[in-house]
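**Q** sequence and predicted structure are below.
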Amino acid sequence: MNRTGRVLLVLALVAVVGMAFRVSWNALRDVARAIGADTTAAWLYPFVVDGLMALALVAALVLTGDARRFALRVLASYTLASLVLNYVHGLVPELHSQSIGWSRLAEGDWTNWVLVLLATSLPVGSIYFGSDLVAKVLHHRPPVDPTEPKSAQTNANQSTAELGEPVVEETTALPVPAPELEPVPVASVDVPTGPVEVRVPVAAAETSRPRRATGRVPVAARSSRPVRSEVELLAEARSLTESWPVEKLTGEGIRKALHTSSAKARVVRETLKAERERDAAAVS
C-alpha cells in the first residue's frame, strides 16, 4: 500500500474510533451521574475509561515480552468494563433522564453493589495502570538483534586482538638495478686459447633506508630455471648466436635470447665479439 492509502486508512480509523467514543461517552456519563459524580466529573468520566483503553493499546504496540502482555490485559479489562457499563445503561431507562441524580444501577442489592464497585473503581485503576504503562514505555529499550552486523565505525575503533582476525601485510622487494658497465675496448681484450672464464662484476647496492623484511618466498612463486654458471651461459650463447652477424650481437638481443641480466649479457657480448675477431684474424 502506498503512502496515500495508508494516510486514508489511518484517517478512517480515527473517524470510526471518534464516533464510537461519542456513543460510549453518553452512556458512561449517565452512569457516572448515577453513582454520585457531579456534572464536571460526569463529563470527564468517559475519558478515564475509554482514554485508558487507547493508552493501553498504544503501549501494547511499543512494549515487548511481559510488559506487552500486561498492557494487553489492561486493555482487555477496561474494554470489558466499558462494555458492561454500556450494557447497564441500556437496561436501566432511568439513567437516560437529563435530570437524573443518584440512582441504582440494578434491581438486586448484590448486583447493584457489584456494578457500583466496578464503576467507582475504574478511575482509581486508571491512575494506577496508566502510570505503570507510561513508566514501562519510557523505560523500554528495544531488543538488539544479535545477527545485526557491527557498524564500520565500531570495527574501526577496535584493535586487531578484539576483531579476532589477523592482518597480513604483504610487501614486495623491488629489484636493485645493477650499475652500467663501461664496454671494454676490443684491442685491450686478451683472448685466452683455453676455456674462457667469465667473471661478472657484482656492485654493492646502496639504499637510502633499510629494506623491510618480506619473509620467505613461497615455493610456487620461485623460478623453475636452474642457476647457470658463467661457462654454461657462454656456451649457450655460442650455440644461439652462431648464425648471427656481428651487427646483431647486442647486449639487449643476447639478454632476451638467454633470459639473463643486462650485466651478464654485456660481458657475454664482448666475449663473443672478441672470439669473432680472433677467428677472422686467424682465417686471414
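**A** It's in. Residues are numbered from 1 along each chain as shown.

**Q** which residues does Leu233 contact?
**A** By Cβ atoms under 8 Å, 6 or more residues apart in numbering, the residues touching Leu233 are 198, 258, 260, 264, 268. Bear in mind the C-beta positions are built from the backbone N, C-alpha and C, glycine included.

**Q** the last one: which element?
**A** In this structure, Val268 sits in helix 262-283 according to DSSP states H and E.

**Q** dump the contacts of Leu233 into a markdown table; add pLDDT as well.
**A** Shown next, in a markdown table, are these (pLDDT from 0 to 100):
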| residue | pLDDT |
| --- | --- |
| Val198 | 56 |
| Leu258 | 78 |
| Thr260 | 81 |
| Lys264 | 81 |
| Val268 | 82 |
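
**Q** mind splitting this protein into its structural domains?
**A** 3-138, 228-284 (automatic domain parsing).

**Q** if we can go back for a sec, helices or strands next to the helix holding Val268 in the packing?
**A** If contacts are counted by 3 or more Cβ pairs under 8 Å, 6 or more residues apart in numbering; DSSP states H and E, helix 262-283 sits against helix 230-240, helix 251-258.

**Q** so for Ala20, which of those helices sits nearest?
**A** Each of these was scored for nearness to Ala20 using Cβ to Cβ, and the closest is helix 251-258 (94.6 Å).

**Q** and stretch 136-143, which residues are buried?
**A** By neighbour count on 16 or more other Cβ atoms under 10 Å, the buried set for stretch 136-143 is 136-137.

**Q** thinking again about what came up before, could you identify which of the contacts of Leu233 has the most neighbours?
**A** Val268 (26 neighbours; other Cβ atoms under 10 Å).

**Q** of the contacts of Leu233, closest to Ser229?
**A** Val198 (8.8 Å).

**Q** enumerate every residue touching Met1.
**A** Residues near Met1 by Cβ under 8 Å, 6+ apart: Leu9.

**Q** quick one on the thing from earlier: what's the angle between the helix holding Val268 and helix 251-258?
**A** Angle, helix 262-283 to helix 251-258, by axes from the mean of the first three to the mean of the last three Cα atoms, to 10 degrees: 100 degrees.

**Q** how about helix 262-283 as CSV, C-alpha atoms only?
**A** In CSV, the C-alpha atoms belonging to helix 262-283 read as follows (Å, rounded to 0.1, in the frame of the first residue of the first chain):
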residue,chain,number,x,y,z
SER,A,262,71.9,-7.0,-18.6
ALA,A,263,75.3,-7.1,-16.9
LYS,A,264,75.9,-10.8,-17.9
ALA,A,265,74.6,-10.1,-21.4
ARG,A,266,77.1,-7.3,-21.9
VAL,A,267,80.0,-9.5,-20.7
VAL,A,268,78.9,-12.3,-23.0
ARG,A,269,78.6,-9.9,-25.9
GLU,A,270,82.1,-8.6,-25.5
THR,A,271,83.5,-12.1,-25.2
LEU,A,272,81.6,-13.3,-28.4
LYS,A,273,82.8,-10.3,-30.4
ALA,A,274,86.4,-10.9,-29.2
GLU,A,275,86.1,-14.5,-30.4
ARG,A,276,84.6,-13.5,-33.8
GLU,A,277,87.5,-11.1,-34.3
ARG,A,278,90.1,-13.7,-33.3
ASP,A,279,88.6,-16.2,-35.7
ALA,A,280,88.5,-13.7,-38.5
ALA,A,281,92.2,-12.8,-37.9
ALA,A,282,93.2,-16.5,-37.9
VAL,A,283,91.4,-17.1,-41.2
